[in-house]
Each structure stands twice: as structure tokens, then as C-alpha cells.
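Asker: Quick one, structure for this:
(one chain, ligands or ions: 1)
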Amino acid sequence: MIVSKLVKLSNVNALRLGRQIHFSSRGVGRSVCLAVRQLHDNMVKKRALEARSKLRANNFPLCEDKDFIPKPVEKCPSVKKAKCDQSVNANVLKSKGCDGEKPPEPPKPSQNDSMKWILGALALGGLGGLAYLLMSGKDKEKCSESSKPTTARVPLLTKDIPNKVKYLLIGGGTASFSAFRAIKSHDARAQVLMISNELHVPYMRPPLSKELWFSDQKDDDKTYRFKQWTGSERSLFFEPEQFFEQPSTLMKNDKGGIAPVQGYTVKRIDSKNKKVILKEDDYEIEFEKCLIATGCTPKNLNVFESAPSHIRNKVMIYRTPEDFEKLKTIAQTKKVVTIIGSGFLGSELACSLAKYGKPYNLQVQQMYHEGGNLAKILPPYLSEWTTKKIEQYGVDVIPNIQVKEVSRDHDKLKLLLTDGRVVITDQVVVCAGCNANTDLASISGLETDGRLGGFVVNAELEARSDIYAAGDAACFYDPLLGRRRVEHHDHSVVSGRLAGENMTGMNKPYEHQSMFWSDLGPDIGFEGIGLVDPSLETVAVFAKPSKLQRTTSNLDDPPAHYKAEQKEHSSEEKPTEKKEEVEHKPKTEEVKYEKPEMAEHKWPAFEEDHSSPDYGKGVIFYMKDNKVVGILLWNIFNRIGLARTIIKQDNTYDDLNEVAKLFAIHS
Ligand SMILES: Cc1cc2nc3c(=O)[nH]c(=O)nc-3n(C[C@H](O)[C@H](O)[C@H](O)COP(=O)(O)OP(=O)(O)OC[C@H]3O[C@@H](n4cnc5c(N)ncnc54)[C@H](O)[C@@H]3O)c2cc1C
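Answerer: Numbers count the residues shown, from 1 in each chain. Take a look at the predicted model:
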């Protein structure tokens, strides 16, 4: 009791004393400050270091301050990343306060520790003690200044970034990481520098709209763990923090590795002198080979972008773990979320939110100007059927409209729709597609595609000599299907890998067709490959719904997959493995196809009940000049290799029923 009173009293007095000295020292002048600082350095450092190691031993998070003053980081949230432990994932930091959010309570030092502190301070006595208190006062001032949101870059200063590397990757996403793995497979000691304007090590995005919403991870677990379709768990991050090199040590490691530079933007590539220039301070990095994998940025809608901030702050786009965190909190605390967009992201998010929000009585709306969900991918009848399914999952779907006007209605938004309807909502999530990130193109003398967007590259994914592009940001030449730009996870894996291989000198063309997939609740999962575009002629073959493999029947079951392609050419390949392009050939592939004539019957091909269609399971062929240019496997998994082969054969077919049977749709 007496001890605790003494501790309290001493604390109060110490603080007061500290403040007085701090204020009075302002008038005394710089020399006195320096003298005090010198004393502090000499007398306090040792004790401070002792205290620091004790606090560290108790897992008490501390700033890595050059003054050696132990300082709990929670006092100074926005300095955490900048001044604190640089190895910590920015992700963790953001969620703990660097983004202006309230940080969670850190573990409190025990009273025992406090007592030791006070006794330590008293024991120092005289000027040393005063200096210590003075410096504590300085720390406080420093903290309040920097509690504004600040960047949390790694490394803090550009001088710690190597200024010359063999391999330089622009962008810290899937395509970049896949390129790194390919480079490492063919150049085992490669030192690879990756520059990303995100504050994360590389991670995958697909679970952000699916699996993560069904994960039972705790809110403060920032590894973003989720269950894969196999039942095993994994993190959103391709590799843990420890896997990566620090930029400052990359060039010293003769075994090579990858060093992510986080929170920096490349503003220009000087392709003649082979160097990139950073936006932050014009820092220059020379390269031998460079990859542009800058991904894309979600579009917003003009009606929201031109609105005042009190409206804009209730409208969000969705692409990052921070967006997931934000939307999760909204789903738990608000009444209505409105998703705008009929595509993959909008539809997946609507289904996931409908399930996740059920216990919170969340109402989920999805609205769009198309006639049905996934109308830009599915033939109209299937889009209509899918829309009904999504409604059954609990989503209020409003097709064929646009938002005409938006205004604030107390703490909600009021949306006036083009059909005259008024909708009240707490939050709008715009899922209206993406624009390729090509900001650095024109200033760098790189060509972009006016129609498709993205950096124009050839079949070897090269834009200029030694400069490659991959992933969402690349508009590439597919020798089989023509010029394309693809915004899918597997494409970023496949094209990143190809670019990485070519950066090591392999000079391979784009031949391996990438696939994509989507999951919408428990009843719909599909995989596609090639040109999947409903404006093309389509032929579909469906099996009886009773043959559905999927046994789940309600949204309480987790969504089905992270499926075939992960097995087929997993993005999880380890960098040290010597790797080849593996053509995965299902047994059925041996079958030869004949006769260059089109199948007579278009959908519904067979076994179809017109009065009550149920497209449980089937194959949809997308045709161009009587050839199959795209295939969608509806609730059929692990057959994408066969689909790839059919497209690659570039044949015409007499009877697509027979081709469909190869996919074992009746098994
Ligand atoms: C929520 C969500 C769910 C998805 N689900 C699926 C799915 O189920 N199936 C599927 O096939 N696909 C899905 N996708 C699409 C897939 O995730 C993308 O196609 C893929 O992430 C693209 O990878 P990338 O490396 O090209 O781009 P990104 O992953 O976007 O990475 C690009 C990186 O470059 C950085 N960058 C940009 N410009 C610069 C610059 N000038 N300097 C430095 N850094 C820069 C960006 O900040 C970003 O970190 C989904 C996407 C989202 C958002």
C-alpha cells in the first residue's frame, strides 16, 4: 500500500518536474540543451538500456528510439512504424493505430516494473535524473506531434534501398511475387528488389471477398488466416515476414532473396539508362531487368466522386485487407450495405456479406445497370438463374438501374435511382471494375492500349528491351486468342512466372492459358478459361441437378474452393525448386475430336427441364468462327486442364455434347 502510494506520488512529481524543466529549458538556449543532452547520453543511457531489455523481456512494445529512452509505443501510435520496429508488418501497425485508429491497449508494465523505474530514476539523481526527465518530456512532445497519420515505409529512408540491382520488380502483388519465384528457380542466387506502394509483404486478394468472411480468425489476428477448400488453413500472405530480406542487407546476402521496399511509388522508368525513379525523393535505382506489375485500381462512379466529403466517406471501393477490416466493422454495426456492380467482386461480396451479416441483422443490397448477376460473363439465362440464387441467399438484388443522385439523410445515404426509386443505406461499396495502373507509362515512354488499358507487351511480355509487364496491368499478345488484358489471380501467377523466366533469359512466349474461378454461396462455383464473353455464341450442356457433387445446401457451409488451379500450377511453389512449365493433362485429353462442324443444338442441349431449369452442373462453350475460344465449367472442378487442351487444339467440333461428356458432367 505504502509502496503503491509512493509510486503514484513519485510518478506525479516526476512528471511535473519533467515538464517544468522542459519548459524552462526552452529559454536557456541550445548550448545548455546540448550539455544536458550530453549528460543524458553519458549517465542515462546505461540505465535506460537496462530498463529497455527488462521491458523487452516482458514483451512490452518499445520504440527503437536513438536516444535509448524506453518509450512505450502506444503513446506514439503513428511513430510506431516510422520509428519503431521496422520488421513488423505494416498491416499490423495500421490496424493498431498508424492509420489514425485507436490502438488496442498494450500490455501494462507491472507495478514491480514501475517501481523499478521510479527507483532507477531517483537513484540517478541530480542532473542525470533531470536530464532523463527532460528527455521524457521531449518524447511526449514528439509523440503528440506525430500522432497524425504518417507513412510507415520500409525502409524509412531511401538511402537504405540499394541503388543498383539485377532484378527490379515494380508492384508488390501476386504477379511480382510469382516473377520472383520464377527468377529464383532459374537464377538461384538472384537478388531481387520489389517496390510496392502498399504497406504489406505480398499477399493474395481472392479470399478477401470469399474465404476470409467465413474464417473464424480473431479480429486482432492480422495474418488473415482462412480455410482452404482442402480444409487446411493458410494466411493471405504468400510468405511470412521472416522470409523476406531487408532492402539494406539484400546486396550483402550472396544467397540472394527478395527484399520488399514498402510504401514507395515508382514514378518513372528511364528505359534508356535502365533505372527507375521513386516519387518520394527522386531516388534512382539501376536495374538490368525490370518488371512492371502494378495491378489495377478499382473504379469509382462519378456520382460519388463528385459528391461532397460527408457523402464520399460513406462510399468505399474494395481491394485490400484494410477494406476488408473496414467493411467487417460496418457489417457488424450498421443496418444496410449497398453493393454497386454485377461482376465477380460485387456478386461474391454480396453473397459473403449476406451470410456474415446474418447474426447482425445486416441487410445487403446489390444494384447494377445490367440485367442480372455476372451478365458480362454468363449467357443471359444463366445470369438470370444466378441472380435468383443470390436472392435466395438473402441479397436484395436491384438490376437495370443506376444511381442518379446521392444525398445525406442524417447519418445515412439516400440514393435516387434512375427508375425513380429511393434507397436508404449506411454504406455503399462500389465494385465497378478496375483501371490498370499505368500512371508511369507516358512519362516513361511506354505504350498503353487505348481500348483494353494496360502496358502493351508482346507475347514474351516485353514492353521495351529488358522491361516486362505482367498481371492485371499487362496488355499482352496471346498468339492463340489475340491481344488481351486479364484481371485474374491465376493470370497474375502465370504471366508473372513467364515474365520472371524471360527476365532470366528464357525468351518463352505466352502459351499456357490462365484460368479464373469464382464462388457464390454454397451452390455456385465455377472455373473458366479463354474468352468467356456472352456476346459470343455460346453452347451449353447441363447435367441433371441431382448429380451435383456439392452436397452443401445452405449458406452456413463454407464456400467451396480455392480449387483446381491451386493444385494445377500452384502459386505456392517454393522459389528454390527447379521448376518446369507443367502441362497437366487429364486422362480424357487423349480423346481425339473429329469433324469440323458445329453442334446442331444450342442450349438447352439435353436433360433440361424448361419449366423449372436448374443449372446444377454443366459446361458452357464460347464460340468464335466455329471454334471453342472459351470454356466455363459450372460446378465442375479439376477439369480445367482438359478445357485448356480443347482451346489449344483450335479445332471445330461436330457435336459439343460429346465434348461435354469428356468433362464427366454426369459423374
Ligand atoms: C477482393 C478481390 C477478390 C478477387 N477474387 C478473385 C478470384 O476469386 N479469382 C480470380 O481469378 N481473381 C480474383 N481477383 C483478382 C486478382 O486478385 C487480381 O487479378 C490479382 O491480384 C492481380 O495481381 P497483380 O499482381 O497484377 O496486381 P495487384 O495484386 O493489384 O498488385 C499490384 C501492386 O502494385 C502496387 N503498385 C501500383 N503502382 C505502383 C507503383 N507505381 N509503384 C509501386 N507500386 C505500385 C499496388 O499497390 C499493388 O500492391 C480478386 C481481386 C480482388 C480485389
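Asker: what bits of the stretch 351-500 of the chain have low per-residue confidence?
Answerer: Within the stretch 351-500 of the chain, no range satisfies pLDDT under 70.
Asker: State the number of residues packed around the residue of it found nearest the ligand.
Answerer: In the stretch 351-500 of the chain, no residue comes nearer to the ligand than Gly471, which is 2.2 Å away by CB to the nearest ligand atom. C-beta coordinates here come from the backbone N, C-alpha and C atoms, glycine included. Neighbourhood size, Gly471 [other CB atoms under 10 Å]: 34.
Asker: List the contacts of the residue lying closest to it once chain neighbours are set aside.
Answerer: Closest residue in space to Gly471, ignoring its immediate chain neighbours: Ala175 at 2.9 Å, by CB to CB, 6 or more residues apart in numbering. The contact partners of Ala175, by CB atoms under 8 Å, 6 or more residues apart in numbering, come to 291, 293, 295, 470-474, 492-493, 495-496, 499.
Asker: In contact with Val629, which residues?
Answerer: Contacts of Val629 by CB under 8 Å, 6+ apart are 481, 530-531, 536, 622-623, 647.
Asker: quick one, strands of the stretch 101-250 of the chain?
Answerer: Using DSSP state E, counting those that start in this stretch, the strands of the stretch 101-250 of the chain run over 164-170, 191-196, 225-227, 233-235.
Asker: Please report how far Asn253 lies from Val165.
Answerer: Distance of Asn253 to Val165, given as CB to CB, to the nearest Å: 12 Å.
Asker: so what sits against both of these two?
Answerer: Taking CB under 8 Å, 6+ apart as the contact rule, Asn253 and Val165 both touch Gln191.
Asker: between those two, who's got more neighbours?
Answerer: Counted by other CB under 10 Å, Asn253 and Val165 do not tie: Val165 has more neighbours, with 24 against 13.
Asker: buried residues in stretch 508-520?
Answerer: Neighbour counts over stretch 508-520 (16 or more other CB atoms under 10 Å) mark 510, 512-520 as buried.
Asker: again, but for stretch 647-663
Answerer: So for stretch 647-663, counting by 16+ other CB under 10 Å, buried means 647, 651-653, 655-657, 659-663.
Asker: What's the mean pLDDT across it?
Answerer: Per-residue pLDDT over stretch 647-663 has a mean of 90.
Asker: can you pull out the helices in the stretch 401-550 of the chain?
Answerer: In the stretch 401-550 of the chain, the segments counted as helices under DSSP state H, counting those that start in this stretch are 489-503.
Asker: For it, list the residues in contact with the ligand, please.
Answerer: Within the stretch 401-550 of the chain, the residues that sit near the ligand (CB under 6 Å from any ligand atom) are 437, 440, 471-473, 487-490, 492, 516-518.
Asker: Also the stretch 151-300 of the chain?
Answerer: Within the stretch 151-300 of the chain, the residues that sit near the ligand (CB under 6 Å from any ligand atom) are 170-176, 195-198, 205-206, 208-209, 265-266, 293-295.
Asker: Just to check, Lys255 is in contact with Arg189?
Answerer: Yes. Between Lys255 and Arg189 there is a contact at 6.1 Å, judged by CB atoms under 8 Å.
Asker: Include mean pLDDT when you put the strands of the stretch 101-250 of the chain into CSV, please.
Answerer: As requested, those are exported to CSV (pLDDT from 0 to 100):
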stretch, mean pLDDT
strand 164-170, 98
strand 191-196, 98
strand 225-227, 89
strand 233-235, 92
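Asker: Serialize the ones you listed to TSV and add fields for distance to Thr386.
Answerer: Shown next, in TSV, are these (distance: least, CB to CB, whole Å):
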stretch	distance to Thr386
strand 164-170	37
strand 191-196	35
strand 225-227	24
strand 233-235	28
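Asker: any idea which of these is most buried?
Answerer: Highest mean neighbour count of the strands of the stretch 101-250 of the chain: strand 191-196, a mean of 26 (counted as mean count of other CB atoms under 10 Å).
Asker: contacts for it?
Answerer: By CB under 8 Å, 6+ apart, the residues outside strand 191-196 that reach it are 161-162, 165-173, 176-177, 180, 183-184, 202, 247, 250-251, 253, 256-266, 276, 278, 285.
Asker: swap in stretch 457-467?
Answerer: With contact meaning CB under 8 Å, 6+ apart, stretch 457-467 is reached by 269, 271, 274, 287-292, 445-447, 455-456, 468-470, 474-479, 495, 498-499, 502-503, 507-510.
Asker: Need the buried ones from those residues selected in ChimeraX.
Answerer: Here is the ChimeraX command that selects the buried residues among the contacts of stretch 457-467 (16+ other CB under 10 Å):
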select :269,271,274,287,289,290,291,292,446,455,456,468,469,470,474,475,476,477,478,495,498,499,502,503,510
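Asker: Among the contacts of stretch 457-467, which ones are in strands?
Answerer: Counted as lying in strands by DSSP state E, out of the contacts of stretch 457-467, are 269, 287-292, 455-456, 468-469, 474-478.
Asker: ok, Gly641 to Tyr622 distance?
Answerer: Gly641 is 18 Å from Tyr622, by CB to CB.
Asker: Could you tell me which residues make contact with the residue nearest to Arg319 when sequence neighbours are not counted?
Answerer: Distance criterion CB to CB, 6+ apart; nearest residue to Arg319, sequence neighbours excluded, is Pro298 at 5.4 Å. Residues near Pro298 by CB under 8 Å, 6+ apart: 317-319, 430-434.
Asker: Check for me that Ile339 belongs to a strand.
Answerer: Yes. Under DSSP: H, G, I helix; E, B strand; the rest coil, Ile339 falls within a strand.
Asker: who does it bridge with?
Answerer: Ile339 forms beta bridges with Gln366, Val429, as assigned by DSSP bridges.
Asker: check contacts around it.
Answerer: Taking CB under 8 Å, 6+ apart, we find Ile339 in contact with 346, 349-350, 353, 364-367, 428-429, 431.
Asker: confidence score at Glu607?
Answerer: So Glu607 comes in at 38 (pLDDT).
Asker: let me redo that: Asn638
Answerer: For Asn638, pLDDT reads 89.
Asker: Below-threshold pLDDT in the chain: ranges please.
Answerer: Short version for the chain, where the test is pLDDT under 70: 1-151, 544-612.
Asker: Do I have it right that Gly343 meets Gly372?
Answerer: No. Gly343 lies out of contact with Gly372 (CB under 8 Å); the separation is 11.6 Å.
Asker: Whichever of the residues of the stretch 151-300 of the chain next to the ligand end up buried, select them in ChimeraX.
Answerer: Buried members of these, defined by 16+ other CB under 10 Å, are picked up in ChimeraX with:
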select :170,171,172,173,174,175,176,195,196,197,198,205,206,208,209,266,293,294,295
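Asker: Fine by me, we can end here.
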